[in-house]
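S.K.: Got a predicted structure here, sequence first:
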Amino acid sequence: MGRLRVVHLVDDTTAGGVMRVLDHILTSHALSRDADHELRVVDRYGVLADRVRADAIVSHLAISWRMMPLVATLRAFHPRTPLVHVEHSYTEGFVAANVTHTRRFGLLLRTAFRLFDRTVAVSHAQGRWLESSGAVPTEKLKVIQSCVDLSGFRALAPVDRPAKIFGAIGRLDRQKGFDTLIKAFRQINRSDLALHIYGEGAEEAHLRHLAQDDPRIRFMGFASDPLNAMEAVDAVAMPSAWEAYGLVAIEAMAAGRPLLVNPVDGLVDHVTHGAILVSERSVDGWRGEILKLAEGTPPVRSVCTRQNHAFEEVFAASWNEVFRGLCSVCRGDLTTHC
């Protein structure tokens, strides 16, 4: 059996989680064992001009009604080529916060996912939602938690003291919930604490207004080097309103930083590996959990034990399992082997 040629399709190459995961896939030695991976950028609102030469095609596209012609031609041009879709975006929390016509949205997901042989959820929470909502049948669903190279984060010195500098890393977008974090921080009357916000986005002016020139709250700009950002903070906060998985979470845990997360979507997955769940999704709830870490209650060492969970190994093994199954797909036995 020869090596597989796997082509990954994207419609947006903006720096972010999807491109970081793809960069990891394209450069991982463990993932190159069974397959050669290529990246192809497509026009989300166009149609394929010709057939993609590949043994398997993996979609990282942002599904929408306007994109359905592209997805339909992808299937039509490749009736026997295994098609896999990775759902990086949609979650139960996304629907609650953004979708008015839920039946129409559910129809979109069922229509699109039906054209793929497999749909990959990037967290167990997302997978449960996709299954329970009827978007993807159980037999066509696989959970592979997203991953990047964490070796640099594991090399950082872990935190073993009460947290003083709290970090928020991500787009300055309403999804990330940084407004709640700033409001909570503003209610804490301690001059020895600081909040460093890394990122750029449309919400920056609004967030700066909420900060009211508080000298403890610093806007650090885009984190071109995530390692430097992580090294500069004692704890990481993720108050997202929705989140399919959250790469910052596994980076924080690999670096031995305490991690505070909202109880939403894929963020719940990280509790298994030591994340602290902020069960009360409010300004007061976040204020209380920040103060606990700042006071060392519980002891920081007990909540930020460096996570040596083999995220990268599990990620590679899961995808290699899919690719081995795809070899069987080419022989016409998708359901049994993939």
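M.R.: It's in.

S.K.: what about the host helix or strand of H209, distance to the chain center?
M.R.: Element membership of H209 [criterion: DSSP states H and E] is helix 204-211. Its chain's C-alpha centre and that of helix 204-211 lie 25 Å apart, by C-alpha atoms, centre = their mean, to the nearest Å.

S.K.: And M238, how far from G2?
M.R.: M238 is 43 Å from G2, where distance means C-beta to C-beta, to the nearest Å. No exception for glycine: its C-beta is placed from N, CA and C like everyone else's.

S.K.: brain fart, A125
M.R.: 37 Å.

S.K.: who has more neighbours, these two?
M.R.: Neighbours per residue (other C-beta atoms under 10 Å) separate A125 from G2, with A125 holding more: 23 against 6.

S.K.: contacting residues for that one?
M.R.: Contacts here follow C-beta atoms under 8 Å, 6 or more residues apart in numbering; on that basis A125 touches T91, E92, D265, G266, L267, V268, D269.

S.K.: Now do the SS call for it.
M.R.: Assigned by DSSP: H, G, I helix; E, B strand; the rest coil, the conformation of A125 is helix.

S.K.: Show me where the stretch 201-338 of the chain has its strands.
M.R.: Along the stretch 201-338 of the chain, counting by DSSP state E, counting those that start in this stretch, strands occupy 217-221, 235-238, 259-261, 276-277.

S.K.: ok, now the stretch 1-150 of the chain?
M.R.: 4-10, 35-41, 56-59, 83-87, 118-121, 141-143.

S.K.: Kindly reformat those strands as CSV containing distance to L172 and mean neighbour count.
M.R.: Listed next are these as CSV, based on distance: least, C-beta to C-beta, whole Å; neighbours: other C-beta atoms under 10 Å:
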stretch, distance to L172, mean neighbour count
strand 4-10, 23, 20
strand 35-41, 25, 15
strand 56-59, 28, 26
strand 83-87, 24, 25
strand 118-121, 27, 25
strand 141-143, 29, 18
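
S.K.: ranges for the helices of the chain?
M.R.: 17-27, 68-77, 92-98, 102-113, 124-132, 151-154, 178-186, 204-211, 226-231, 247-254, 283-294, 300-303, 311-329, 334-337 (DSSP state H).
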